[in-house]
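[1] the sequence and its predicted three-dimensional model are supplied below.
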Amino acid sequence: MQGTLRDWRAVLVFVGPALLLYTLILLIPIIWSLGYTLFSGSVITGFKFVGLGNFVQLTQDQKFQSALWFGTKYALVVSSGQVVLGLLLALLYAFYLRKTSVLVRTIVFLPAVLPTVAVGQMFAKLFAIAPQYGLVNSLLHRVGLDSLVQAWLGQAGTAFWVIAAMDIWKAMGFYAVLLYAGLVEIPEEVLEAARLDGAKGWNLARFVVVPLIFPIMISSLIFSLNGTLKVFDSIMALTGGGPGTSTMPLTLYFQKVAFTYSDYGYGSTVALMLALQSLIVTLLIFRRARKDVT
Amino acid sequence: MNKTVAPSRVTQSPKASSRFSKWLSNLPLTLLVLLIVFLALYPVFWIYMSSLKGNLEFTTYQMWALPQSLHWENYLRAWTEGHMSTYFVNSLLAVFPSLLIVILLGVSTAFGIEIMQWRYKDTTALLFLVGIMVPIQVVLLPLFTTFYKLHLLDTRLSLILVYVTFGLPLTVFFLTGYFKTFSREIIEAAIVDGASIYQVFFKVALPMVTNAVVTVAVVQFFFMWNDLLVSLTFINNPDLRTVQSGLLSFVGQYGQRDWGPTFASVALSVTPTLIVYLVLNQMVMKGMAAGAVKG
Amino acid sequence: MNKRVGIAAVLALLGLSGLFALAQNNKITYLANDADPTSGRHGLFGRLAQECIKQTGAGITYEAQGIPQTDLRQKLQLLAASNSLPTIFPVDEPSFVTQLYKNGQVADLEEVFKKLGILDKVSPAALVLQKSIGGGKFLSLPLELNIEGFWYNKKLFAAQGLNVPVTWDQMMAAAEKFKAAGIQPFAASGDQKWPLTRLINGYVARKYGPDVMERVASGELKVTDAGFVEAAKAIQDMGKKGYFGQGVNTVDYQTALDTFMQGKAAMFYMGSWALRDFNDPKNKVDINNVGFLNFPVVRGGKGSINDWSINTGIGVVLNAKYDTAADPVLKCVLSNWGDRALAEMGQISGFKVTKTPANLSPLTKATLQKLNTAKSAYLWFEGKMSAKAAAVATDNVQLLVTGDMTPENYMAELQKALP
């Protein structure tokens, strides 16, 4: 029997085709791109070997550093928003709505399936100031808070929060379902025992429920971060990285360097940093999580 | 029994008032739930509502105003002049083969990694995990050059290859998590009964992961159907354009915009995802949850 | 064994895909910087090409493709990388055109036009302009010839009792008066960014003279010099005083145009390609109420009001490796372009016009007149800049106009990006 499970030909049949495709379309191009990091220029200007010059350039490049910082800040805010609001929603489903939560769960999940281009159009209109006030500015105007009427997407500070709000809103239903699944797996006896010990409401959630679904929270967070660190569509749809380059994460900076500046070598270096950023953040959370659990 | 009404009222009222006060204390939560539902539903409503507006209404009335009259012809224009019919067929021809392949390859790979016993299985699993972290932009130029040399640009195959490959990491990751909790006894029993490993895969393993397969398929469907970057990069020919890149020809046009048909097109592109989602969501959520809990 | 089957399947798929691949010969492929390759100028080019194919009987097919302007650069890089650039394609930056020419991917049009015998169809002014953009070489097709300046609403000016401003101070005073009357002084698209750098450009051209950006390119002038900082400050002041209305950075091209055409803004800096829209019935301001004025002179400046900002729009180039079987068709299309563009779109081009259409609007006529009598011309702000410097100039102008970046910093950042 072990022979059957150790049959290498069978392994090849099961894993081979996918691995072949994956290697050809993803792994080799990645290594190919890694090779570009040692060059400057592009196919049009011609490539010039610069050794580690691109990496030196990174350390002096203010645009890169601000994009790195913006991306990190954005990912932390949006991912924690997605997971925390997802958790609150999941608690709502599990302990308040109970059996009737199916409908609400279905509806709140909905924004996750809409195309970003369409959702972006709507948010741009909601927060518009010209040629007409969008919903937000109209409301502010109507309640007399004219001093708060502003170009929400035209200023670095407010644009950040509009983009963040959109991405949190879009994905919180998704994470709510993931976490809800964890909540319903918690045995009723455990909760009952905790209640008998006097835990209720917030304390029950904080000291009993959350620790029990902590592993799912961690995988949700990692999943979410790998999406938010690579954010592209939402920002393109709302601000295009502006005003100036104040809402530009590494993905947009890569695009700019590689294609607008025609420096594919340096662009690849930026992309490599992005991949490393995802890797480091993921590892950090893993380690942190392990410490918290033990 | 006493026939006066008053006492019975008196005896009932504490109960009623406690029910009322319970209802009252729950009121904020109920309102919150209603608000959340509204926030999630409104955009969908807005897209469909806007798709029925006349062009002038977009500049003269507020965005949340209801249509003055129903302009169904927007859909006709989107479908014919806007070439949405072509884009639809193109999207279907790219997305469904991709889904089929990514599921087949993904399930078999996960099975191979998790159930089979071999030396480099953990390394292979890790290798697939790397794919989740790599931004697609990184491989754009190498892929473009390769596809050009192989004459794959402007073909649906280029889209299918990229969709499948970028769908694989998540599919494999998710399904290995699923197979992890698989009762190995069932498989072992089947093997003892003389089943070949392929029979085990098709007759035992595959039926047991149907839920997960549907979940992954739906999640991948959203990703592929909503893709813009890949189709914009590898497809030049307007006759091969997919729905999302086709939408751009309305939205980004230099010159007067036809908002009505634009929204009709958006509505058309959203409808299949909504149908898929509404039909399969119970299964999806169950599968997703199970994958998350176990993975 | 099964592995072999898998490989065979992959190979079969690859082989099959060969069937879908497009043959590049006997074909004119046209790439439009618009997702819809049949709109506007692109549509006219297509129609003309089809007519010419019939007329010349050349065994050529024509195929148009479109890419949204925002994705153009990425697409071109990818196409150039794979040596699969179309026959005719747009390039949005002169520095990029020159690069492609050096790589042998863009044709020298002087040679091609001589060969086709149509060099004399190009208006001399356009030829000079194209050579200036192409670093001495004639590289892009002058399908458009645009003159830029302020379009203004005559009715609104009259209602405020204002004369047409000829100095910067007069223009700012007029703006102040409009603002006080509740009329937005200027419509501008900060979302597009370049409409704002055009204003800086106009200002420094008046300050230093029309060759200012050439002197910057040669290193003779530094953009950190006082005159440049003054220009940046002037544009920032316009933003701070609210002359562009609210949220200028969120205003896209269409919105800015609409604001002017609905009579809600008094002035609009734009190129003469906007005539197409002004001549359209959708224009709520009667075309006869639209006036055109040059960038006003500034105090202590060397530039004159007879210097105009003139350009050929986005560069459209010919692939150096185009199939010469297309020669007769190209000749036919290009020799008819001047007349057809003017007659069918009111679009002025760099090709000579042999038949002036009778129904030309007075505004179009007046603009043509200005274009023909311009004494000297200068390019747009980024015309001589590298791609990187151009990106810095355009990106940062959004911060400049809202006051998030000082004029000094704006120019210092730009100077750093200049070679």
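    Here it is on my side, so go on.
[2] how is chain C divided into domains?
    C:24-140+C:313-349, C:148-308+C:379-417 (automatic domain parsing).
[3] closest one to residue A:151 among these?
    domain C:148-308+C:379-417 (2.9 Å; CB to CB). (Glycine included, C-beta is placed from N, CA and C.)
[4] export the domains of chain C to TSV and tack on mean neighbour count, mean pLDDT and distance to chain B?
    Below are the domains of chain C laid out as TSV (neighbours: other CB atoms under 10 Å in any protein chain shown; pLDDT from 0 to 100; distance: least, CB to the nearest CB, whole Å):
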stretch	mean neighbour count	mean pLDDT	distance to chain B
domain C:24-140+C:313-349	19	88	3
domain C:148-308+C:379-417	20	93	6
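[5] so can I have CSV of those domains showing distance to chain A?
    Converted to CSV, the domains of chain C look like this (distance: least, CB to the nearest CB, whole Å):
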stretch, distance to chain A
domain C:24-140+C:313-349, 4
domain C:148-308+C:379-417, 3
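[6] out of these, which gets nearest to residue A:138?
    That would be domain C:148-308+C:379-417 among these, by CB to CB, at 13.0 Å.
[7] how far does the closest one sit from the chain's center?
    The chain centre lies 15 Å from the centre of domain C:148-308+C:379-417; the measure is CA atoms, centre = their mean, to the nearest Å.
[8] and stretch C:71-88, by the same measure?
    With CA atoms, centre = their mean as the basis, the mean position of stretch C:71-88 lies at 19 Å from the chain mean.
[9] contacts only, for residue 171.
    The chain I'm using is chain A. A:82, A:86, A:111-112, A:224, A:227 (CB atoms under 8 Å, 6 or more residues apart in numbering or on different chains).
[10] to clarify, I was referring to chain B.
    By CB under 8 Å, 6+ apart, the neighbours of residue B:171 are B:102-103, B:105-107, B:110, B:216, B:220.
[11] and it, what helix or strand is that in?
    helix B:156-180 (DSSP states H and E).
[12] list the buried ones in that helix?
    B:156-179 (16 or more other CB atoms under 10 Å in any protein chain shown).
[13] could you do stretch A:68-83 as well?
    So, applying 16+ other CB under 10 Å, buried residues of stretch A:68-83: A:68, A:70-72, A:74-75, A:77-79, A:81-83.
[14] ok, and what's touching it?
    A:160, A:163-164, A:167-168, A:171-172, A:174-175, A:179, A:217, A:220-221, A:224-225, A:228-229, A:231, A:246-251, A:273-274, A:277, A:281.
[15] the residue in chain A that chain C sits nearest to in helix, strand or coil?
    Using CB to the nearest CB, residue A:151 is the residue of chain A that sits closest to chain C, at 2.9 Å. Of the three states, residue A:151 takes coil according to DSSP: H, G, I helix; E, B strand; the rest coil.
[16] next, the nearest residue to it once chain neighbours are set aside: phi, psi?
    Leaving aside its chain neighbours, residue A:151 sits nearest to residue C:247 (2.9 Å; criterion: CB to CB, 6 or more residues apart in numbering or on different chains). Dihedral pair for residue C:247: phi 60, psi 50, per degrees, to the nearest 10.
[17] residue A:158 is in contact with residue C:247, correct?
    No - with contact defined as CB atoms under 8 Å, residue C:247 does not count as touching residue A:158 (10.6 Å).
[18] and for these two, which residues touch both?
    With CB under 8 Å, 6+ apart, residue C:247 and residue A:158 have common neighbours A:150-151.
[19] need the buried residues of stretch A:68-83 in CSV with secondary structure and pLDDT, can you?
    Listed next are those as CSV, based on DSSP: H, G, I helix; E, B strand; the rest coil; pLDDT from 0 to 100:
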residue, secondary structure, pLDDT
A:68, helix, 94
A:70, helix, 94
A:71, helix, 93
A:72, helix, 92
A:74, helix, 95
A:75, helix, 94
A:77, helix, 95
A:78, helix, 96
A:79, helix, 94
A:81, helix, 96
A:82, helix, 95
A:83, helix, 94
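[20] and those residues, which is closest to chain B?
    Of the buried residues of stretch A:68-83, the one sitting nearest to chain B (CB to the nearest CB) turns out to be residue A:71, at 11.0 Å.
[21] what about the helices in the stretch 151-294 of chain A?
    A:156-185, A:188-196, A:201-204, A:210-212, A:214-228, A:233-238, A:250-255, A:264-293 (DSSP state H, counting those that start in this stretch).
[22] in the last one, what counts as buried?
    So the one you mean is helix A:264-293. Across helix A:264-293, burial judged by 16+ other CB under 10 Å covers A:264-275, A:277-278, A:281-282, A:285, A:289.
[23] filter those residues by proximity to chain C?
    residue A:264 (CB under 8 Å from any CB of the partner chain).
[24] mind listing what the spatially closest residue to residue C:64 that is not a sequence neighbour touches?
    Once flanking residues are discounted, residue C:64 sits nearest to residue C:37: 3.8 Å by CB to CB, 6+ apart. By CB under 8 Å, 6+ apart, the contact set of residue C:37 is B:238, C:30-31, C:43, C:46, C:64-66.
[25] kindly report the same for residue C:109.
    C:130, C:138-141, C:318.
[26] restricting the selection to alpha carbons, write stretch A:107-116 to PDB.
    C-alpha atoms of stretch A:107-116 as PDB (Å, rounded to 0.1, in the frame of the first residue of the first chain):
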ATOM      1  CA  ILE A 107     -25.500  40.400   0.900                       C
ATOM      2  CA  VAL A 108     -22.500  41.700   2.800                       C
ATOM      3  CA  PHE A 109     -20.300  39.400   0.700                       C
ATOM      4  CA  LEU A 110     -21.600  41.000  -2.500                       C
ATOM      5  CA  PRO A 111     -19.100  43.900  -2.900                       C
ATOM      6  CA  ALA A 112     -16.300  41.400  -3.100                       C
ATOM      7  CA  VAL A 113     -17.500  40.100  -6.500                       C
ATOM      8  CA  LEU A 114     -18.000  43.400  -8.200                       C
ATOM      9  CA  PRO A 115     -15.400  44.600 -10.600                       C
ATOM     10  CA  THR A 116     -13.100  47.300  -9.100                       C
END
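[27] what does residue C:282 show for phi and psi?
    Torsion angles at residue C:282 (phi, psi; degrees, to the nearest 10) stand at phi -70, psi -10.
[28] surely residue C:366 meets residue C:290?
    No - using CB under 8 Å, residue C:366 is not in contact with residue C:290; the gap is 10.0 Å.
[29] which residues of chain A lie near chain C?
    Counting by CB under 8 Å from any CB, chain A sits next to chain C at A:9, A:12-13, A:16-17, A:20-21, A:42-46, A:124, A:128-131, A:149-151, A:153-156, A:240-246, A:255-256, A:258-262, A:264.
[30] which of these are buried?
    Neighbour-count burial (16+ other CB under 10 Å) is assigned, among the residues of chain A next to chain C, to A:12-13, A:16-17, A:20-21, A:42-45, A:124, A:128-131, A:149-151, A:153-156, A:240-246, A:255-256, A:258-262, A:264.
[31] show me the strands in chain C, by range?
    C:27-32, C:61-66, C:88-91, C:146-153, C:184-187, C:265-271, C:290-293, C:307-311, C:315-318, C:376-378 (DSSP state E).
[32] so which of those strands is nearest residue B:19?
    So among the strands of chain C, strand C:184-187 is nearest, using CB to CB, at 58.6 Å.
[33] can you list the strands that that closest one pairs with?
    strand C:265-271 (parallel) (DSSP bridges).
[34] using CSV, write out every CA atom in the partner strand.
    Extracted in CSV, the C-alpha atoms of strand C:265-271 (Å, rounded to 0.1, in the frame of the first residue of the first chain):
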residue,chain,number,x,y,z
ALA,C,265,-16.2,79.1,-16.6
ALA,C,266,-14.8,82.2,-18.3
MET,C,267,-11.5,80.9,-19.7
PHE,C,268,-10.1,77.6,-20.8
TYR,C,269,-6.4,77.0,-21.8
MET,C,270,-6.4,74.3,-24.5
GLY,C,271,-5.1,73.4,-27.9
